[in-house]
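Q: What follows is a predicted protein model with its sequence.
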Protein chains: 4
Amino acid sequence: MKVHPFSSTGRSSVVLGKESYYGGDFIVAHVKLDKDALKNVVPRIFEPDGEALFSLREFVTVMGDRTDLLYEEPMLTQYNESAIGVKVRYDGGVYQYYPFMWVDKEFAVVRGWLNGYPKKMANIQLTRFHPLLPQISEPKPGVVVGGYVTRGSGLLFKIKVTLREKVEKPPTFGPTLLIRDYPAEGEGETSVLELVRLDLQDLKVTDVWRGDVEIEIGKGINDEVDNFKVTEKLGGYYYKIGFRIPGTKLIKKLSESELF
Amino acid sequence: MKVHPFSSTGRSSVVLGKESYYGGDFIVAHVKLDKDALKNVVPRIFEPDGEALFSLREFVTVMGDRTDLLYEEPMLTQYNESAIGVKVRYDGGVYQYYPFMWVDKEFAVVRGWLNGYPKKMANIQLTRFHPLLPQISEPKPGVVVGGYVTRGSGLLFKIKVTLREKVEKPPTFGPTLLIRDYPAEGEGETSVLELVRLDLQDLKVTDVWRGDVEIEIGKGINDEVDNFKVTEKLGGYYYKIGFRIPGTKLIKKLSESELF
Amino acid sequence: MKVHPFSSTGRSSVVLGKESYYGGDFIVAHVKLDKDALKNVVPRIFEPDGEALFSLREFVTVMGDRTDLLYEEPMLTQYNESAIGVKVRYDGGVYQYYPFMWVDKEFAVVRGWLNGYPKKMANIQLTRFHPLLPQISEPKPGVVVGGYVTRGSGLLFKIKVTLREKVEKPPTFGPTLLIRDYPAEGEGETSVLELVRLDLQDLKVTDVWRGDVEIEIGKGINDEVDNFKVTEKLGGYYYKIGFRIPGTKLIKKLSESELF
Amino acid sequence: MKVHPFSSTGRSSVVLGKESYYGGDFIVAHVKLDKDALKNVVPRIFEPDGEALFSLREFVTVMGDRTDLLYEEPMLTQYNESAIGVKVRYDGGVYQYYPFMWVDKEFAVVRGWLNGYPKKMANIQLTRFHPLLPQISEPKPGVVVGGYVTRGSGLLFKIKVTLREKVEKPPTFGPTLLIRDYPAEGEGETSVLELVRLDLQDLKVTDVWRGDVEIEIGKGINDEVDNFKVTEKLGGYYYKIGFRIPGTKLIKKLSESELF
């Protein structure tokens, strides 16, 4: 796998290594959305169920075997992420599809694009715990966590979760379906539009808390999040997660006309 | 052309429209480089001549017909860029190839990747003129301009140009050759590796000044700029430039083994 | 004048030199505000008239004799600023007072605090012209300019001006009154609270355009801009400005009880 | 205590509340420095011992009673910090003095200036642990942590610590001496230059690890860190810390001539 910028060693690539490792803290709003409006942001090959997860995430990550970056260039091992994942039916199965995802580092943008994640950059802020700060030392009943994502002048969404009880696991919608996308820009060039499946490997989830959720959805001139209209709030979550992403599995090639 | 994030309107895409318009201010170092070291960062299908242009650029840009962004979301119409362009021979012609290019906005990263530019994000700073600031009101003999690009902890390069005289045009190396790159991540997925040619349209260059140049090249843990070893300083430049990029033209599909 | 960080040379100070030079591009909304709500953000020693200027500004600046920074460290010579200036009566005269001001560089924050400007940092974006970009080559009738300031998750204000005609000068409210502020934190420490007057020196204003204005005022959890309620839009402006600030002149020492 | 921007509620102040709470993760290099060069950055009222601590810090913080910001505006509760603290003798006692300190949020700059910390803004990156990321799940023997601070084009310093053993506590130099600084800018205005003492309250330190240290000190055009010349490496540390800062205690008023 050769990724720009090219060099004889491969050490200048914006994405280093074929697989990546992730440890993250998640704040999540589990909601039901208006299904009609969703059709504007979910390709018609998928049948949205209405359930959705809005999440704010703080990650530590390692690309391939580059553990040296953890101390030599921490900037390339830390990022915040925000995502809107919706539950969809496709070909008889139940999956998660991400109409939107934002991060705050460019290596995460390009790494994600190779998988098919629709990543942009944005300003993502979320509560961080610290064991020696009494006001936010650890998750426990009554503690409030939250945060938001803005891009340019627009507040895209904001979440607040009041923790109530420790639970076994957070809601999930099955494996992730993504669409790898690299359009041609000239005659004869290749256009990639591939439906792929991504399964998180070595998945571990700990410290899962459930609570009451509040969510505010805004809008963006280049981020049509106003297509997400909450009809029911199902719960809020905080948890820690670890996993590995080794790549994707091709399901089928798509044509543009299958999207909308 | 469908670009993530997808929506029925297309208004959430990180790249808006098929062609883009650019107005830029350039500070440039024209140098000769050691040809042997260049082979580590220039694919072997190209024969480097040794001449190179290190540039720092401040752009105002419009994507497609989205002139509304100029006032509704200026963030999506302004960015800084830094580039290392080298003169290469390919198939009997003379061209420019960019081993490295950095910008400070993500829309410019993705827009560039679709063309084949090897863009990453970095911190790019360069002199800006202001007509009412006496110390830097306009280019004239003796005025010094400069700047640098850093990424993470590394200073990648720094330029200083002392303007001497107005000239007709800056040095150029012919049309640009790029390699469109979108590697497969799973079995059966498409890998794009396409040599393409990009010709700037409606090109205008004004206010061209030539002068003495100083250049310092550093290194980066993920940016192997230490492969550029200056053997001769040919001159420094400041100028304004305007152009349009409507897309690229396929020259040929490449295999990974043709790179290094 | 010794400013932190201290050193024997003075070359590490965050503010360099006693006076500073400025060249700026301004986009301004001239409005009338509800006077009652203004009392929450204007100290009661001032009598607000209701007229106000909301502005977005892009500056190039030189601190003292440090013209070398223009090319050695351009980061320390460029910043964006946003300000809310209100017309007030004080002791029989008419002045401008700034309840809020935001910038995007820390040297401008501290330099401003020494003068008495209430500066914070924020994300400030505004239209930039480029002579070789046809869509925004220069101010002329019908051209729209605009921008906004956000801080954290809040849009503080957004302006749009449709240029109509070149005029001789923009609206101003007289000299600026500021309150130098450095509170004590322990017994016996000095508290500074000084009403001072600041007069821009060597003031030049060019390329002044008047037009129609739209303004949206938001709110911020730490920026109570919801106290600015527009009752009338008087006009929008774009212009270039240059000036020098050599310091301030003491009018009188204040006590906290004179503020609200 | 009235801090800009002023309002009737006080809720727009850049610093909220009289005291602040801190929870931090520290990576520290303990070294001996050349005493002669230190005299350029340590006021002559202090006698430097040569011992110094270079640290990189990630903080979660609460200003006053504003725990709501932890979830409503996390941006105002998190920041990175970098500091150079030196051991000094003053009036028969042993203290810590900070010639330089950098942070990456403006509220921390101003909050610090009121205490007398010489804060600027910079890019500060340091290793972060995550319990579910196998490569950096927790401190243990052999784990490497590190990071750096850059400002503009300059790498100011970079640290790497290979953890060896858990120890009881990290090195400290006694209470902190600071110089509150707010110079006059016009005739009759007050100049504050006050030597104060700051004692951390409710101090807790946990998870202290000692190890081998590497340190690289660079230079900055506006940050004269080249005055710190390491003569001996005494050890590296990683630990967690919590404390409260309620203000400072005046020791004595200084004149500029007592500094250098």
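A: Okay, I see it. Numbering: from 1, shown residues only, chains lettered A, B, ... in the order given.
Q: for chain A, what spans make up the helices?
A: Along chain A, counting by DSSP state H, helices occupy A:35-38, A:69-72, A:106-115.
Q: can I get the ones you listed in JSON lines with distance to D:Tyr182?
A: Heads up, the C-betas are built off the backbone N, CA and C, glycines and all. Output for the helices of chain A, formatted as JSON lines (distance: least, CB to CB, whole Å):
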{"stretch": "helix A:35-38", "distance to D:Tyr182": "54"}
{"stretch": "helix A:69-72", "distance to D:Tyr182": "39"}
{"stretch": "helix A:106-115", "distance to D:Tyr182": "40"}
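Q: show me what contacts the closest residue to chain C within the stretch 151-260 of chain A?
A: In the stretch 151-260 of chain A, no residue comes nearer to chain C than A:Ser153, which is 4.5 Å away by CB to the nearest CB. If a contact means CB atoms under 8 Å, 6 or more residues apart in numbering or on different chains, then A:Ser153 has A:Ile221, B:Glu73, B:Met75, C:Gln125, C:Tyr148, C:Thr150, C:Leu155, C:Lys158 as its contacts.
Q: ok, the fourth one touching C:Gly146?
A: So the one you mean is C:Gln125. No - in this structure, C:Gln125 is not within contact of C:Gly146 by CB atoms under 8 Å, at 9.2 Å.
Q: anything in contact with each of those two?
A: When CB under 8 Å, 6+ apart defines a contact, the residues bordering C:Gln125 and C:Gly146 alike are B:Pro74, C:Leu56.
Q: Setting the sequence-adjacent residues aside, check what's closest to A:Phe46.
A: Setting aside the residues directly before and after it, A:Phe46 is nearest to A:Val88 in space (CB to CB, 6 or more residues apart in numbering or on different chains), at 3.8 Å.
Q: Now do the contacts for the one you found.
A: A:Val88 makes contacts with A:Val42, A:Phe46, A:Glu47, A:Pro48, A:Asp49, A:Val94, A:Tyr95, A:Gln96, A:Tyr97, A:Phe173, A:Leu177, as judged by CB under 8 Å, 6+ apart.
Q: Now a ChimeraX select for only the buried ones of those residues.
A: A single ChimeraX command selects the buried members of the contacts of A:Val88 (16 or more other CB atoms under 10 Å in any protein chain shown):
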select /A:42,46,48,49,95,96,97,173,177
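Q: Which member of the contacts of A:Val88 is positioned nearest A:Pro246?
A: For the contacts of A:Val88, the residue nearest A:Pro246 by CB to CB is A:Leu177; the value is 16.8 Å.
Q: circling back: give me the phi and psi for the residue of the stretch 151-260 of chain A closest to chain C.
A: With angles defined as degrees, to the nearest 10, A:Ser153 sits at phi -90, psi 0.
Q: Just give the closest residue to the residue of the stretch 151-260 of chain A at minimum distance from chain D, not the sequence neighbours.
A: Going by CB to the nearest CB, chain D is nearest to A:Gly242 of the stretch 151-260 of chain A, at 2.8 Å. Of all residues not flanking A:Gly242 in the chain, D:Leu132 sits nearest, at 2.8 Å (CB to CB, 6+ apart).
Q: now do A:Arg89
A: A:Glu47 (4.3 Å).
Q: quick check, nearest of the contacts of A:Ser153 to C:Asp68?
A: Distances from C:Asp68 to the contacts of A:Ser153, taken by CB to CB, are shortest for C:Gln125, at 28.7 Å.
Q: And that closest one, how far from B:Lys35?
A: Distance, C:Gln125 to B:Lys35, using CB to CB, to the nearest Å: 43 Å.
Q: same question, A:Pro134
A: A:Pro134 is 63 Å from B:Lys35, by CB to CB.
Q: Name the residues of the stretch 1-150 of chain A found near chain C, please.
A: Within reach of chain C by CB under 8 Å from any CB of the partner chain, the stretch 1-150 of chain A has these residues: A:Asn123, A:Gln125, A:Tyr148, A:Thr150.
Q: out of these, who's nearest chain D?
A: Nearest to chain D among these, counting by CB to the nearest CB, is A:Gln125 at 4.3 Å.
Q: Run through the bridge partners of the closest one.
A: Legend: beta-bridge partners of A:Gln125 under DSSP bridges are A:Tyr148.
Q: is it true that it touches A:Tyr148?
A: Yes - counting by CB under 8 Å, A:Gln125 touches A:Tyr148, with 6.0 Å between them.
Q: Need the overlap of contacts for these two.
A: With CB under 8 Å, 6+ apart as the test, A:Gln125 and A:Tyr148 both reach A:Leu56, C:Ser153.
Q: for the spatially most central residue of chain A, what are its contacts?
A: The residue lying closest to the centre of chain A (CA atoms, centre = their mean) is A:Ala83, at 3.9 Å. By CB under 8 Å, 6+ apart, the contact set of A:Ala83 is A:Leu53, A:Phe54, A:Ser55, A:Arg57, A:Tyr98, A:Phe100, A:Met101, A:Trp102.
Q: Repeat that for A:Gly236.
A: By CB under 8 Å, 6+ apart, the contact list for A:Gly236 reads A:27-30, A:159-162, A:210-214.
Q: How many residues are close by A:Phe228?
A: 24 (other CB atoms under 10 Å in any protein chain shown).
Q: Next: A:Thr9.
A: Around A:Thr9 there are 11 other residues, counting by other CB under 10 Å.
Q: from memory A:Leu178 sits against A:Ile245, does it?
A: No - here A:Leu178 does not reach A:Ile245: they are 10.9 Å apart, not a contact under CB under 8 Å.
Q: residue ranges of the strands in the stretch 51-200 of chain A, please?
A: Taking DSSP state E, counting those that start in this stretch as the criterion, the stretch 51-200 of chain A carries its strands at A:78-90, A:93-103, A:119-121, A:123-126, A:144-151, A:154-166, A:176-182, A:192-198.
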